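# My questions concern the predicted model and sequence given below.
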Amino acid sequence: MRRYVRAKIHGLRVTQSALRYHGSVGVDEELLKAADIDHFEQVDVVNLNTGDRWQTYAIPAGKGQFCLNGGSARLGCVGDECLIIVYGYSERFEGARVLMLGAENEVIDSFDYKDGVPGHKS
């Protein structure tokens, strides 16, 4: 088995941070559904402003929200642009869903990658 990218949310802007929260990142529930990311699923987060990369888990948040909770709050500031990446295991690449977001954490484009080739979705 190999590990492949299964889903990616590109361009998430941090809307809030809560150091005293019990952990995780809160992500707009509609974005989680659109990217096929389950509640409490492990995710990698990459902060494009700082270069920090860490693993945590995703929990649902309100419309347009991306919240850094617990230790994650130390790894970014409100307004920072981030990526979320989710991996899956299979014998070969089966495809990946990529959401591209605008400044208000809204989907402005999306792609489904099959056989390493992007297919425009919306």
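Alright, I've got the coordinates. Source: prediction; values computed, not measured.
# quick one: low-confidence ranges for this structure?
115-122 (pLDDT under 70).
# can you give me the helices in it?
Under the criterion DSSP state H, the chain contains helices at 29-35.
# Show me what the residue sitting nearest the centre point of it bridges to in the sheet.
Residue closest to the average C-alpha location in the chain (Cα atoms, centre = their mean): Ile84, at 2.5 Å. With DSSP bridges as the criterion, Ile84 is bridged to Ile9, Val45.
# shift numbering so it begins at 899
With 899 as the first residue, the last one maps to Ile982.
# Would you confirm that it contacts Asn945?
No. Between Ile982 and Asn945 no contact is recorded; they are 10.9 Å apart, counting by Cβ atoms under 8 Å. To be clear about C-beta, it is placed using only N, CA and C from the backbone, and glycine gets the same treatment.
# for this protein, what spans make up the strands?
Applying DSSP state E to the chain gives strands spanning 900-911, 914-916, 923-926, 940-945, 951-959, 964-967, 979-988, 994-999, 1005-1012, 1015-1018.
# For the longest one, which helices and strands make contact with it?
What that stands for is strand 900-911. Applying 3 or more Cβ pairs under 8 Å, 6 or more residues apart in numbering; DSSP states H and E, we find strand 900-911 packed against helix 927-933, strand 979-988, strand 994-999.
# Is it possible to get CSV of the strands of the chain that adds distance to Ala932?
Formatted as CSV, the strands of the chain follow (distance: least, Cβ to Cβ, whole Å):
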stretch, distance to Ala932
strand 900-911, 8
strand 914-916, 21
strand 923-926, 9
strand 940-945, 14
strand 951-959, 12
strand 964-967, 14
strand 979-988, 12
strand 994-999, 6
strand 1005-1012, 6
strand 1015-1018, 15
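# That'll do, ta.
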